[in-house]
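Novice: Have a look; sequence and predicted model below, questions after that.
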Amino acid sequence: MAGIVGLFSVRSLVNLLICQIEIYLFYHFFRNLAPEKRPVPVRVAVVVSGAFILFAVNQAGNPWLNMGVSVLVAFAVCRALVDLPLGCSVAYVGVAYVILSGLEGVMTFAVMLVADLMDVPFGELYAGIEPFYLIAQQLLRMLFIKIMERYVAHLPRQAKESISWQMVFVPFTTWMVMLTLFYLGFPASLPLQIGVCLSALCLYLVNFVVYLVIMLYSDIMLRNRMRELSDTKSVTEQHAYEHLRQVNERYQSYIHDMDGYMRTLRVLAEGGGNDSVGEILGELSKIEAGIREETYSANPIFDAIVRERMRRAKEWGVDFSVNVEAGADTSFVEDVDLIAMLGNLLDNGLEGAGGCEGGWLKLAAFWGTDHFLVLRISNSFAHPLKKLGPRFLSTKEESGIFRHGLGIDNVRRVAEKYAGYIEVSEKDHVFTATLSLSVEERQFG
């Protein structure tokens, strides 16, 4: 009975409220990063359940258990309520834990310093100021969340999802340093005490600033990439227009000369010059074939991309063949995305095939299912491909370093916008990239 009364004491209710606020702040942090994927009742249930779990663990009085469960609950809330990839979820949970829970460590050092200055035991001082301490802690947490929201909430989703594991390093090392300081104990010397407090504060603020810098940097890089793709699209469209203009001029010249050809053919036919008629008709067929425009699909941007690589393949002596299944339409893909994906993969294929004798490149477009369009690019290559784990590295060296991923990472990021994916393989000096894009589940970028 006493245990039940203790469970529902004022102090316990305050602790439960603090746990509720803490879990809600984690949730509020994550909702600024990605769309929510659950209805309101489910979100409320998850946040409340997380708070009760954290409260129950707190009753055990084990700080290490409390810290571990806090991380797991924060990760569960992130995965359950917002639509973030797994890698991003792990990274952002680390950042959120340092920014929200790390503040407690900084404030604890500050209370230790004040207790020593007042020559009062830490436990006694903390018990006297605990309500004010907890209120100040939550207010500061909310302040930091609001600052982050101001700079992060408006960023496009692609910028938020373009970073993941590089963000884990700083929070991880921060907690290692914090735990080391707590393990060593608070120093007795006042200058060292002040140094520890300032170091903890600076370490905390560095995490906060680094997080904002990485997010803003990702946004800048995304904008630059979109600007480059837009410029590439403009150039591609300009080349396509110029190509059509030249074809039109050749057709106009062909039609203009047709009257002369027909009069000549009539005179030859009347005079019995059948052999000459055959020769002229053969020449006309060659002229007409030379100006006939090759059409691969119903998408002019797709055709322009392929024609440009076809021209380059002829210059490099690469045998480039294209097979587009009837009805395999790429018009549901935005022009800049098609240029980024197909253009990148064809460029990589040309580079690989151009480096070997008798090089070849093949492009196939077909429906894998009713809702998935498949683009398969395969090419021959001569030089051994370098790999870093599952990732391929470029064989083209630039400024003393190797470009990573042969552009595959960029293609993969764009493909995710269409709920798609890319698979790459190499066997017997043949490199194959298979890109699958969903027509119905295109995601907002």
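Specialist: Alright, I've got the coordinates.

Novice: what about residue 435, which SS state?
Specialist: State at residue 435, reduced to three classes by DSSP: H, G, I helix; E, B strand; the rest coil: strand.

Novice: for residue 377, same thing?
Specialist: Secondary structure, three-state DSSP: residue 377 is strand.

Novice: Run a quick neighbour tally on it.
Specialist: 22 (other Cβ atoms under 10 Å). For glycine as for every other residue, the C-beta is placed from the backbone atoms N, C-alpha and C.

Novice: per-residue confidence at it?
Specialist: With respect to pLDDT, residue 377 scores 93.

Novice: And it, how close does it get to residue 30?
Specialist: The spacing between residue 377 and residue 30, counted by Cβ to Cβ, to the nearest Å, is 37 Å.

Novice: same question, residue 22
Specialist: Residue 22 is 13 Å from residue 30, by Cβ to Cβ.

Novice: For stretch 104-123, which residues meet the burial criterion?
Specialist: Along stretch 104-123, these residues count as buried under the neighbour rule (16 or more other Cβ atoms under 10 Å): 104, 105, 106, 107, 108, 109, 111, 112, 113, 115, 116.

Novice: what's the average pLDDT for it?
Specialist: pLDDT averaged over stretch 104-123 gives 88.

Novice: so where's the protein uncertain?
Specialist: 1-8, 157-169, 222, 225-226, 228-294, 370, 383-407, 440-445 (pLDDT under 70).

Novice: domains of it?
Specialist: Following automatic domain parsing, one finds the domains of the chain at 2-228, 297-445.

Novice: what's the burial count for residue 15?
Specialist: Residue 15 has 16 neighbouring residues, counting by other Cβ under 10 Å.

Novice: meant to ask about residue 209
Specialist: Residue 209 has 10 neighbours, counted by other Cβ under 10 Å.

Novice: Residue 174 too?
Specialist: By the criterion of other Cβ under 10 Å, residue 174 has 23 neighbours.

Novice: again, but for residue 23
Specialist: The number of residues packed near residue 23 is 24, by other Cβ under 10 Å.

Novice: With residue 433 instead?
Specialist: Residue 433 has 25 neighbours, counted by other Cβ under 10 Å.

Novice: Next up, the contacts around it.
Specialist: Residue 433 is in contact with 345, 348, 349, 376, 377, 378, 408, 411, 422, 423, 424, counting by Cβ atoms under 8 Å, 6 or more residues apart in numbering.

Novice: Just those: which are in helices?
Specialist: With DSSP state H as the criterion, helices contain 345, 348, 349, 408, 411 from among the contacts of residue 433.

Novice: Just list the residues touching residue 193, thanks.
Specialist: 112, 113, 116, 186, 187.

Novice: quick one, phi psi at the third one?
Specialist: Backbone torsions for residue 116, taken as degrees, to the nearest 10, come to phi -70, psi -40.

Novice: what's the distance between it and residue 47?
Specialist: Going from residue 116 to residue 47 by Cβ to Cβ gives 38 Å.

Novice: Next: residue 141.
Specialist: Here the criterion is Cβ to Cβ. By it, residue 141 lies 15 Å from residue 47.

Novice: neighbour count winner among those two?
Specialist: Neighbours per residue (other Cβ under 10 Å) separate residue 141 from residue 47, with residue 141 holding more: 21 against 18.

Novice: coming back round to it: of the ones in helices among the contacts of residue 433 - the most surrounded one?
Specialist: Counting neighbours by other Cβ under 10 Å, residue 349 comes out on top of the ones in helices among the contacts of residue 433 with 28 neighbours.

Novice: Tell me what the closest residue to it other than its chain neighbours is bridged to.
Specialist: The shortest distance from residue 349 to any non-neighbouring residue, by Cβ to Cβ, 6 or more residues apart in numbering, is to residue 379 (3.8 Å). Note on residue 379: beta-bridge partners by DSSP bridges are residue 361, residue 431.

Novice: my read: residue 379 touches residue 354, true?
Specialist: No. Contact criterion Cβ atoms under 8 Å: residue 379 and residue 354 do not qualify, at 9.1 Å.

Novice: between the two, who's got more neighbours?
Specialist: Neighbours per residue, other Cβ under 10 Å: of residue 379 and residue 354, the larger number sits with residue 379, 26 against 19.

Novice: Could you list which residues are in contact with the more buried one?
Specialist: Taking Cβ under 8 Å, 6+ apart, we find residue 379 in contact with 348, 349, 350, 352, 353, 359, 360, 361, 362, 430, 431.

Novice: Return a selection command, for use in ChimeraX, containing the buried ones of the residues you listed.
Specialist: Buried members of the contacts of residue 379 can be picked out in ChimeraX with the line below, counting by 16+ other Cβ under 10 Å:
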select :348,349,350,352,353,359,360,361,362,431
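
Novice: Take the contacts of residue 379 and lay them out in CSV including distance to residue 135.
Specialist: Below are the contacts of residue 379 laid out as CSV (distance: Cβ to Cβ, whole Å):
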residue, distance to residue 135
348, 58
349, 62
350, 64
352, 63
353, 67
359, 70
360, 71
361, 67
362, 67
430, 66
431, 61
